[in-house]
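>>> pasting the sequence and the predicted coordinates here, then a few questions.
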Amino acid sequence: MAKHMVARSVVVDAPAKRIFDLVAAPSRHPEIDGSGTVQSALFGPERLELDSEFGMDMKMLGLPYRMTNRVVEFEEGQLIAWKHVGSHRWRYEFEELPEGGTLVTETFDYSRGQVGFYILSGAPARNARGIERTLERLKELAEAEEAAQA
């Protein structure tokens, strides 16, 4: 793992397209967020693409706030990442596996921002726990939707 990044992966029994479509829909982010910070979508397109901006109602430590994000990396069905004013990135990568299913990796990349602040605030460990829960929720949701379509 690169320095100043936290990443976790999970294998999801669903095609990459189905999982990618969930992550590319900002209105679905409160459903998949395992950190408890994403409350609702405020504005933005129905489906994200490169340079899309979207806003979210957030809550951390009991305090509500709003966050505007911009998609900075995008490869249809394979990769999507966004950043906000803090410069760190949330990245999702999707790799279909030959034996079936999709390897989904979520990365919190804080190498571009105020690294010292993130480390001292405990963000890397907190984000690792949130990523693990997010991937669990994403897996459950994508697999349930895949089973409903079968």
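Structure received. Numbering: from 1, shown residues only.
>>> list of residues touching stretch 98-117?
2-16, 19, 81, 83, 86-97, 118, 123-124, 127-128, 131, 134-135, 138-139 (Cβ atoms under 8 Å, 6 or more residues apart in numbering). In short, each C-beta sits where N, CA and C put it, glycine included.
>>> so what's the gap between stretch 27-38 and the chain middle?
9 Å (Cα atoms, centre = their mean, to the nearest Å).
>>> thinking again about what came up before, quick check on the contacts of stretch 98-117: which are buried?
4, 6-8, 10, 12, 14-16, 19, 81, 83, 88-94, 118, 123, 127, 131, 134-135, 138-139 (16 or more other Cβ atoms under 10 Å).
>>> tell me who's in contact with residue 133.
34, 35.
>>> cool, and the one 3 residues further on?
Taking Cβ under 8 Å, 6+ apart as the definition of contact, the neighbours of residue 136 are 10, 34.
>>> likewise for residue 145?
14, 18, 22.
>>> and of the residues you listed, the nearest to residue 29?
residue 22 (9.0 Å; Cβ to Cβ).
>>> what's that closest one in contact with, if anything?
Residue 22 makes contacts with 28, 32, 138, 141, 142, 145, as judged by Cβ under 8 Å, 6+ apart.
>>> mind redoing it with 6 Å?
residue 28 (Cβ atoms under 6 Å, 6 or more residues apart in numbering).
>>> in three-state terms, label it for me.
Look at residue 22: counting by DSSP: H, G, I helix; E, B strand; the rest coil, its state is helix.
>>> can you give me the distance of it to residue 63?
27 Å (Cβ to Cβ, to the nearest Å).
>>> cool, residue 46 as well?
Taking Cβ to Cβ, one finds residue 46 at 29 Å from residue 63.
>>> again, but for residue 78
35 Å.
>>> likewise for residue 56?
14 Å.
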